[in-house]
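Student: Fold the stuff below for me.
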Amino acid sequence: MLKDKLPKIITETVPGPKTAALIERRHKAIPDAIGCSYPTSIKRGEGAVFEDLDGNIFLDWIGGVGVLNIGYSHPEVIPAVKAQAENYFHAMQNIITHEGYIELAEKMNEIVPVRGEKKRTFFANSGAERDENAVKIAKGYTGRKNIIVFSGAFHGRTTLTMAMTAKKAYAKGMGPFPDGIYRADFPYLYRKPKGMTDEDAINFYVETINNVFEQCAPAEDIAAIVVEALQGEGGFIPAPIEWAKAVRKICDEKGILLIVDEVQSGFCRTGRFFASEYWKEAGCEPDIITSAKSIAAGLPLSAITARAEIMQAVPSGTIGGTFGGNAVACASALKVIEIMQRDKLADRALEIGKTVTSRYNAMKEKYDCIGDVRGLGAMIGIEFVKDKESKTPDAALTAAIVKECAQNALLVESAGTYGNVIRFLAPLVITDEQLEAGLDIFEAAVKKCSK
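Tutor: Numbers count the residues shown, from 1 in each chain. Model prediction:
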């Protein structure tokens, strides 16, 4: 079966002729601004691998950027989607109540670790939509107009979420942007101010939030602090628990809602169903959690979950949308959650993460170009630098490694403020043999490109 195969290139060149022809058609048919530098296509996919039009087998460590935690074409999701499609594709929730939407909302209310006993969930289509809706909810509940976001943040490409996103390469020429969005520093401990201990650095980063109150907007005007539990595009940087506890304390003292963006870190990726479970265990769970990506195995769906009193304060008509909570997507999501819980994919993420982190740390000892290895569960970043002493980011080396891996049937993707981090987001159904094969390809690429 395809899902058990190892990565293999059978064509003389990569891309092969059929894929090259399709890529040429792509250049003529769609905007280049969408961007894609990978020399491959897809004919079919199973598990953690896919076959391209030329018969090459690629191992995928990107997974649709965190969409495919249960892999390509899961054999139990396909019939669930087919069964729903045979009844109806869609029913707009503010017109016709459909059971799948309600059942999925009930399930999310059960498993999402937000503060409060009684919870409510509603659905949108994308990560950017759910963050926009979370901000609207926070403003509706608090009656305040402003929010705080962080350096390194990525929240989407709508006008509001481009303003929230730190890396302005994603917003070039797109202004003006909405007002009332202020930025504090995310605790990037690998690049903390020189000479600081981790404890002092955490206090330093917390103080940048207080600086917002002093220099940008008073605390009584802030509706929410919006943060990723583990930054994705920013470089796969986990928020330290002590910092999270301090942020929770600030929110409680100032009447601010804490929104955690779990677009990449949710759905078993970090060794918990949601990374915020680590926060809840430490007594600092969020007020609102937004999720998307792996929620529906590749169908467009996102979710916003909060305690009932917050959700019920939202002005009527300000949230919702035509396709949010589509019936087919809900059917897929219900099956995804069932599979993840039954097959203990959060535990599998811890096993994968242990293997990858061990191998990465061994590589770090051998290669001066590897500055840091970090993450939670199977969401791991490896940061490349000119040398360990200077920590100067090496984006060129990172890009070369990405390209070399692709030539050898392994897909990896860069991230980070400086473009010098490679993220690990392989489907959690990857086999041990595939994982080892991928690690061998990756290390060979690092060795070759770093010479």
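Student: pretty sure Phe236 is touching Ile380, no?
Tutor: Yes. Phe236 is within contact range of Ile380, at 6.5 Å (criterion: CB atoms under 8 Å). No exception for glycine: its C-beta is placed from N, CA and C like everyone else's.
Student: what residues are shared contacts of the two?
Tutor: Common neighbours of Phe236 and Ile380, using CB atoms under 8 Å, 6 or more residues apart in numbering, are Arg374, Arg423, Phe424.
Student: What is the nearest of those residues to Asn125?
Tutor: Arg423 (23.5 Å; CB to CB).
Student: Mind checking what secondary structure the closest one has?
Tutor: strand (DSSP: H, G, I helix; E, B strand; the rest coil).
Student: so what's it up against?
Tutor: Ile62, Gly232, Phe236, Met379, Ile380, Gly381, Val412, Glu413, Ser414, Ala415.
Student: Ok, Arg248 next?
Tutor: Neighbours of Arg248 in contact, by CB under 8 Å, 6+ apart: Leu258, Trp279, Gly283, Cys284, Glu285.
Student: now the residues you listed in CSV, with secondary structure, neighbour count and distance to Asn361?
Tutor: As requested, the contacts of Arg248 are arranged in CSV below (DSSP: H, G, I helix; E, B strand; the rest coil; neighbours: other CB atoms under 10 Å; distance: CB to CB, whole Å):
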residue, secondary structure, neighbour count, distance to Asn361
Leu258, strand, 25, 32
Trp279, helix, 25, 25
Gly283, coil, 10, 30
Cys284, coil, 22, 28
Glu285, coil, 22, 30
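Student: Pick out the residue nearest the middle of this protein.
Tutor: The centroid of the chain falls nearest to Gln264 when counting by CA atoms, centre = their mean (1.8 Å).
Student: pretty sure Thr139 contacts Ala223?
Tutor: Careful, residue 139 is Lys and not Thr. Yes. Lys139 lies in contact with Ala223 (CB under 8 Å); the separation is 4.8 Å.
Student: neighbour count winner among those two?
Tutor: Ala223 (24 against 21; other CB atoms under 10 Å).
Student: Quick one: the helices in this protein, in order.
Tutor: 17-29, 63-66, 77-87, 99-111, 127-142, 159-164, 198-215, 241-254, 276-281, 308-311, 327-342, 345-366, 395-407, 432-449 (DSSP state H).
Student: Indicate which one of those is closest to Leu301.
Tutor: helix 327-342 (4.1 Å).
Student: Tell me what angle that closest one forms with helix 77-87.
Tutor: Here helix 327-342 points in a direction 150 degrees away from that of helix 77-87 (axes from the mean of the first three to the mean of the last three CA atoms, to 10 degrees).
Student: tell me which residues in helix 327-342 are buried?
Tutor: For helix 327-342, a neighbour-count test (16 or more other CB atoms under 10 Å) marks 327-337, 339-340 as buried.
Student: and if you look at stretch 154-170?
Tutor: Buried-residue list, stretch 154-170, by 16+ other CB under 10 Å: 154-156, 158-167.
Student: One more: stretch 263-270?
Tutor: Neighbour-count burial for stretch 263-270 [16+ other CB under 10 Å]: Val263, Gln264, Ser265, Gly266, Phe267, Cys268, Arg269, Thr270.
Student: Would you mind listing the two of these that lie farthest apart?
Tutor: Farthest pair in the buried residues of stretch 263-270, by CB to CB: Val263 and Cys268, 14.0 Å.
Student: Using a markdown table, lay out the buried residues of helix 327-342 together with distance to Ala29 and pLDDT.
Tutor: Shown next, in a markdown table, are those (distance: CB to CB, whole Å; pLDDT from 0 to 100):
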| residue | distance to Ala29 | pLDDT |
| --- | --- | --- |
| Ala327 | 30 | 98 |
| Val328 | 26 | 98 |
| Ala329 | 26 | 98 |
| Cys330 | 32 | 98 |
| Ala331 | 31 | 98 |
| Ser332 | 28 | 98 |
| Ala333 | 31 | 98 |
| Leu334 | 35 | 98 |
| Lys335 | 33 | 98 |
| Val336 | 31 | 98 |
| Ile337 | 36 | 98 |
| Ile339 | 35 | 98 |
| Met340 | 36 | 98 |
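Student: And the furthest pair within these?
Tutor: Top of the distance list for the buried residues of helix 327-342 (CB to CB): Ala327 and Met340, 20.6 Å.
Student: list residues touching both of Lys139 and Ala223?
Tutor: In contact with both Lys139 and Ala223: Lys145, using CB under 8 Å, 6+ apart.
Student: show me the contacts for the residue nearest to Asn408 when sequence neighbours are not counted.
Tutor: In this structure, Asn408 finds its nearest non-sequential neighbour in Ile441, 4.9 Å apart by CB to CB, 6 or more residues apart in numbering. Listed by CB under 8 Å, 6+ apart, the contact set of Ile441 reads Pro7, Leu59, Cys405, Asn408, Ala409, Leu410.
Student: Quick one: residues contacting Ile70.
Tutor: Neighbours of Ile70 in contact, by CB under 8 Å, 6+ apart: Val77, Ser294, Ala297, Val336, Ile339, Met340, Leu345, Pro427, Leu428, Val429.
Student: State the distance from the third one to Asn87.
Tutor: The reference is to Ala297. Noted for Ala297: a distance of 19 Å to Asn87, by CB to CB, to the nearest Å.
Student: Compare these two (neighbour count), which wins?
Tutor: Ala297 (27 against 12).
Student: Against Val149, how distant is the more buried one?
Tutor: Ala297 is 29 Å from Val149, by CB to CB.
Student: Least confident secondary structure element in this structure?
Tutor: helix 159-164 (a mean of 92; mean pLDDT, DSSP states H and E).
Student: ok, and what's touching that helix?
Tutor: 128, 131-132, 135, 147, 149, 153, 155-156, 170-171, 174, 177-178, 181, 226.
Student: what residues are up against the residue nearest to Pro17 when sequence neighbours are not counted?
Tutor: Closest residue in space to Pro17, ignoring its immediate chain neighbours: Asp54 at 6.6 Å, by CB to CB, 6+ apart. Contact analysis of Asp54 by CB under 8 Å, 6+ apart lists Ile10, Thr11, Pro15, Gly16, Pro17, Lys18, Thr19.
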